[in-house]
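**Student:** Fold the following for me, if possible:
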Amino acid sequence: MILVSLVGEQPIPNLLPLWQFSEFTRTQFAATDVTREHAERLRRAIAQDAALKHVELLPTLAIDPYDLQKTRLALAQAMGRHLERGETVCLNLTAGTKLMSLAALQAAYGTGITLLYVATETGQFIFLRSDGAEFERRPIEVSISVEQYLRAYGFEVSQDRHFRPPREGDALEKEVENRLKESGLFDDVQRNVLIRRVNEQGEVKNELDVAATRNGHLAVCSCKAVKELDRSSLYELSSVVRREYAGIYCGKVLATTAEVTDGLRERARLWGIELVDAPQLWNIAYYMERATR
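**Tutor:** Purely as a prediction, here's the structure:
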C-alpha cells in the first residue's frame, strides 16, 4: 500500500503511520518549495531507520501551498497514476496548509482511496472514505527510540559518556535514568545523548542529559545538581529543545537538587518546563511521562 503524505514543518505525523502500520510499503511526500527540505530530511530518516527498511521512497511531489487548483491537479494526477497501476492508496491529510488539505480532499473525492488524519492530540489515527465519511479510529501505539525521534528532525545522534571526565551532575543524571527505566513507562531511555544538526543558520550541537520516548513523543530532562538554580538553567533547556529544533512533540523537564523559588517555578511554567526539585525526584518518571503527552 502507498501512503501519500502532505508535508509540513512537523515530521512526526508523517512517520507515525509508517512506524505503526507495516502494510505501508511505499510512501510519497507532497511538499512545497518551503517544506521540500523537510521532505528530504524525512527521506533520510526513513532510509536510516531499521524499522522502516521495508518502505520504498517514491519521488517527492511538488505542490503549491496556496494554489488550490494546481495542488488538487498535482495530487489527482499522482494518485491516478498509482491507481492505474493497481496500487492501494492512502492519503495522509494531516500536515501542510489548510488549502493543501482542502485540495487533497477534492483530489481524493470519489476515487475510492482511504484518507487518514493523525490526531496526536487524542492519540488516534482517523480513517475516512474518499467522500470524507469516517469509518474507523485506531489508537496510536508506536515504540520508537530516542535516536529515531531525533533523526526525524535532522539530528545526528551519538553518545560518548566514556570519553569525558566525571561531572558533578553525573549522579543525578544516573538516578533519573534509573528511575525512568525502572518505571516501565517509556519505550526508550538514554543518557548523555550528543546531538548535532547543520542548517542554514549554522551548526546546532548540544548534549541531552537524559531523554526518553513514549508513543512517538520525546521528553528531555536537564539535570542540575546545584545549591542554587537561576533562570539561565531554564533558558538553556528551552534553547536546546526549542520548537524549531525538536518539534512540538518534545517535552521539557528540569530536575534539580536545589531549592526552587516560587518565581522560578512560575517562569518554568510559562516556558513549558516541568520543574522537579529534590523532594519530588523520587517521582521523576511521572513528570517525564506527563511531558510526553
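**Student:** give the contact list for residue 241.
**Tutor:** Each residue near residue 241 by C-beta atoms under 8 Å, 6 or more residues apart in numbering is listed here: 208, 220, 250, 252. Bear in mind the C-beta positions are built from the backbone N, C-alpha and C, glycine included.
**Student:** what's the neighbour count on residue 146?
**Tutor:** The tally of other residues near residue 146 (other C-beta atoms under 10 Å) stands at 25.
**Student:** before we move on, what about residue 129?
**Tutor:** Around residue 129 there are 16 residues (other C-beta under 10 Å).
**Student:** Residue 87 touches residue 2, doesn't it?
**Tutor:** Yes. Counting by C-beta atoms under 8 Å, residue 87 touches residue 2, with 5.2 Å between them.
**Student:** Compare these two (neighbour count), which wins?
**Tutor:** Between residue 87 and residue 2, counted using other C-beta under 10 Å, residue 2 has the larger neighbour count: 21 against 13.
**Student:** overlap in contacts of residue 87 and residue 2?
**Tutor:** residue 26.
**Student:** just curious, which of the contacts of residue 241 is nearest to residue 97?
**Tutor:** The nearest member of these to residue 97, counting by C-beta to C-beta, is residue 250 at 23.0 Å.
**Student:** phi, psi of the closest one?
**Tutor:** Main-chain torsions, residue 250, degrees, to the nearest 10: phi -120, psi 120.
**Student:** Would you mind measuring from it to residue 9?
**Tutor:** 13 Å (C-beta to C-beta, to the nearest Å).
**Student:** what's the answer for residue 121, then?
**Tutor:** From residue 121 over to residue 9 (counting by C-beta to C-beta), the distance is 17 Å.
**Student:** neighbour-wise, which of those two wins?
**Tutor:** Remark: of residue 121 and residue 9, residue 9 carries more neighbours, 13 against 7, as counted by other C-beta under 10 Å.
**Student:** Can you list the buried residues in the helix or strand encompassing residue 69?
**Tutor:** Using DSSP states H and E, residue 69 sits in helix 68-84. Residues of helix 68-84 classed as buried by neighbour count (16 or more other C-beta atoms under 10 Å): 71-72, 74-76, 78-79, 82.
**Student:** Over to stretch 250-261?
**Tutor:** Buried residues in stretch 250-261 (16+ other C-beta under 10 Å): 250-258, 260.
**Student:** now stretch 237-250
**Tutor:** Neighbour counts over stretch 237-250 (16+ other C-beta under 10 Å) mark 237-238, 240-241, 245-247, 249-250 as buried.
**Student:** ditto for stretch 95-108
**Tutor:** In stretch 95-108, counting by 16+ other C-beta under 10 Å, buried: 95-97, 100-101, 103-108.
**Student:** do stretch 226-234 as well
**Tutor:** 229, 233-234.
**Student:** And it, how far out from the chain middle?
**Tutor:** Chain-centre distance of stretch 226-234: 28 Å, with C-alpha atoms, centre = their mean, to the nearest Å.
**Student:** Likewise for stretch 63-74?
**Tutor:** 26 Å.
**Student:** Between the two ends of that stretch, what distance do you get?
**Tutor:** End-to-end distance for stretch 63-74, by C-alpha to C-alpha, to the nearest Å: 7 Å.
**Student:** quick one: contacts of that stretch?
**Tutor:** 6, 30-32, 34-35, 61-62, 75, 96-97, 99-100, 102-104, 106-107.
**Student:** related to what we said a few turns ago, filter the buried residues of stretch 95-108 down to the ones in strands?
**Tutor:** Here DSSP state E is the test, and those give no hits in strands at all.
**Student:** got those residues as a markdown table, with distance to residue 155 and pLDDT columns?
**Tutor:** Below are the buried residues of stretch 95-108 laid out as a markdown table (distance: C-beta to C-beta, whole Å; pLDDT from 0 to 100):
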| residue | distance to residue 155 | pLDDT |
| --- | --- | --- |
| 95 | 20 | 93 |
| 96 | 23 | 89 |
| 97 | 26 | 89 |
| 100 | 26 | 93 |
| 101 | 28 | 93 |
| 103 | 32 | 95 |
| 104 | 29 | 95 |
| 105 | 34 | 94 |
| 106 | 36 | 95 |
| 107 | 34 | 95 |
| 108 | 34 | 95 |
